[in-house]
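Q: Next input, structure requested:
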Amino acid sequence: ELHLARKLQGSRLRSAFSASPPHQNSDHSLHIFDQKKGLLIEKSVSTNFKLFIMAQAQAEGLRRKGEIAGHRGMTKEAATGLVTGVAYGMTSPIVGHPFDTIKTKMQAEKIYAKSNAFQVGRAVYASQGIAGFWKGILPPLAGSAFYRGILFSAYSATFAASKGTVLEKPIPGTNGLRGAVLLGALNASVARAAIETPLELMKVRRQTGQKWTTGSGVTGMFSVNQLAELYKGSGPTFARTLSMLGSFFIIVDYSARLIPDVVNTPLIGPFFKGGLATTFGWVMAWPFETVKSRVQADMTGEYKGQSISKILRSIIAKEGIKGMYRGIGPGATRSFVANGCSMIVFHYAQDWVEKHF
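A: Predicted coordinates:
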């Protein structure tokens with residue numbers, strides 16, 4: 001162990017811990033990734049030595065395997081988050097857009113008000129063919145790569161900037177949850193909502209067979225009214241995003257700390273971590289997603305000037321509680337599959353960036 005410690009000292013070795021919490025006097029398998037050689041080294045070490053190496057890694061700002069960000073410095077973490085977020089963002093819409101198209105039609109088009117997901121899917125295929133499932137994909141494809149790059153960058157920068165502050169310390173009674181995770185999720189939500197709202201409006205209008213360049217009082221494509229129209233539904237978009245990302249980052253943080261063996265299993269671990277964390281977030285945020293889709297698809301002024309709570313009460317009065325979760329089936333399926341695949345790509349990109357930079 002002394003020889004291994006000397007070998008580690010001063011090198012560019014990144015620890016990649018994937019063992020269960022240590023027990024006294026037990027041996028553990030320590031996984032170390034050699035960034036220069038690109039090799040994963042496995043060593044059998046004692047509890048004390050592993051704890052020593054873990055403390056050294058944390059002091060140097062190295063990321064715990066499975067976490068979204070580390071403490072290598074705000075600029076470096078922000079840049080890593082940007083690159084990996086773009087990779088995540090390009091994967092998600094390509095995989096998940098067909099499910100999203102069905103979900104949006106179920107939520108926003110009255111002709112599908114009593115149709116289930118399979119009926120809507122058959123109708124789309126019959127009228128538009130396979131291409132109909134990817135209708136309107138260009139705005140979310142470009143936007144997803146952009147805003148996910150920004151949101152992961154915002155989260156990573158916030159997380160790194162919290163080093164040495166009270167935000168780095170666990171919140172009492174939360175089993176280790178840190179304030180840095182919560183503040184990072186808030187900043188990521190603000191960044192995403194600001195970029196995503198107009199892109200979501202374009203997507204929803206295209207999916208429901210409307211032109212995104214039209215709206216009440218719009219006189220030209222580059223007019224002030226058109227800009228305001230593009231940000232229609234910004235309130236429910238932010239509420240939905242904060243609910244979703246808050247749940248996502250909290251679950252990912254807990255999983256990386258408490259069940260590292262599970263979430264770091266090659267391919268399967270990241271897939272289920274991304275799929276389950278994001279899908280749970282969507283379940284929490286779905287009522288706001290329903291409001292957002294209806295507000296952005298509204299061309300008649302039915303929801304103009306109404307608050308989120310008023311629209312939710314109206315939906316419950318007319319359709320019951322299940323009306324708030326309209327389209328949750330294809331939406332949850334899209335979320336699980338798309339974000340599971342995206343998380344695999346994210347961690348491959350993350351390891352590549354940390355290996356080379």
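Q: which residues does residue 185 contact?
A: Contacts for residue 185 (CB atoms under 8 Å, 6 or more residues apart in numbering) come out as 155, 242, 245-246, 248-250. Glycine gets a C-beta too; all of them are placed from N, C-alpha and C.
Q: ok, then the element right after the helix or strand encompassing it?
A: Using DSSP states H and E, residue 185 maps to helix 179-207. Using DSSP H and E, the helix or strand that follows helix 179-207 towards the C-terminus is helix 224-230.
Q: what helix or strand is the closest residue to residue 326 other than its chain neighbours on?
A: Take residue 326 and drop its neighbours on the chain: the residue closest to it by CB to CB, 6 or more residues apart in numbering is residue 107, 5.1 Å away. Element membership of residue 107 [criterion: DSSP H and E] is helix 74-108.
Q: Show me what the mean pLDDT comes to for stretch 177-194.
A: Averaged across stretch 177-194, the pLDDT comes to 95.
Q: hang on, isn't residue 244 packed against residue 279?
A: No: using CB atoms under 8 Å, residue 244 and residue 279 do not qualify as a contacting pair, with a distance of 9.9 Å.
Q: Make sure residue 135 is actually in contact with residue 102.
A: No: with contact defined as CB under 8 Å, residue 135 does not count as touching residue 102 (11.4 Å).
Q: out of these two, which sits in the more crowded spot?
A: residue 102 (28 against 16; other CB atoms under 10 Å).
Q: residues in contact with that one?
A: Contacts for residue 102 (CB under 8 Å, 6+ apart) come out as 117, 120-121, 124, 133, 327, 330.
Q: Likewise for residue 345?
A: Taking CB under 8 Å, 6+ apart as the test, what residue 345 contacts is 87-88, 91.
Q: Would you tell me what helix or strand it is located in?
A: Under the criterion of DSSP H and E, residue 345 resides in helix 328-356.
Q: and the angle for that helix with helix 74-108?
A: 160 degrees (axes from the mean of the first three to the mean of the last three CA atoms, to 10 degrees).
Q: Now helix 328-356: buried residues?
A: 328-347, 349-351, 353-354 (16 or more other CB atoms under 10 Å).
Q: so where's the stretch 201-350 of the chain uncertain?
A: Counting by pLDDT under 70, the ranges of the stretch 201-350 of the chain that qualify are 212-223.
Q: Same question for the stretch 51-200 of the chain.
A: Using pLDDT under 70, the flagged stretches of the stretch 51-200 of the chain are 51-62.
Q: okay but residue 170 is in contact with residue 182, surely?
A: No: Residue 170 is beyond contact range of residue 182, at 11.8 Å (criterion: CB under 8 Å).
Q: More neighbours: these two, which one.
A: Counted by other CB under 10 Å, residue 170 and residue 182 do not tie: residue 182 has more neighbours, with 18 against 12.
Q: Contact partners for residue 91?
A: Per CB under 8 Å, 6+ apart, neighbours of residue 91: 338, 341-342, 345.
Q: Identify the residue spatially nearest to it, adjacent ones excluded.
A: residue 342 is the one closest to residue 91 (CB to CB, 6+ apart), at 4.3 Å.
Q: OK, contacts around the one you found?
A: Listed by CB under 8 Å, 6+ apart, the contact partners of residue 342 are 88-89, 91-92, 95, 274.
Q: What strand or helix carries residue 277?
A: Applying DSSP H and E, one finds residue 277 within helix 268-297.
Q: Can you name every helix or strand that that helix contacts?
A: Applying 3 or more CB pairs under 8 Å, 6 or more residues apart in numbering; DSSP states H and E, we find helix 268-297 packed against helix 74-108, helix 179-207, helix 234-258, helix 260-263, helix 308-319, helix 321-324, helix 328-356.
Q: The nearest residue to residue 198 once chain neighbours are set aside: neighbour count?
A: Excluding its sequence neighbours, the residue lying closest to residue 198 (CB to CB, 6+ apart) is residue 230, at 3.7 Å. Residues contacting residue 230 under the criterion other CB under 10 Å number 20.
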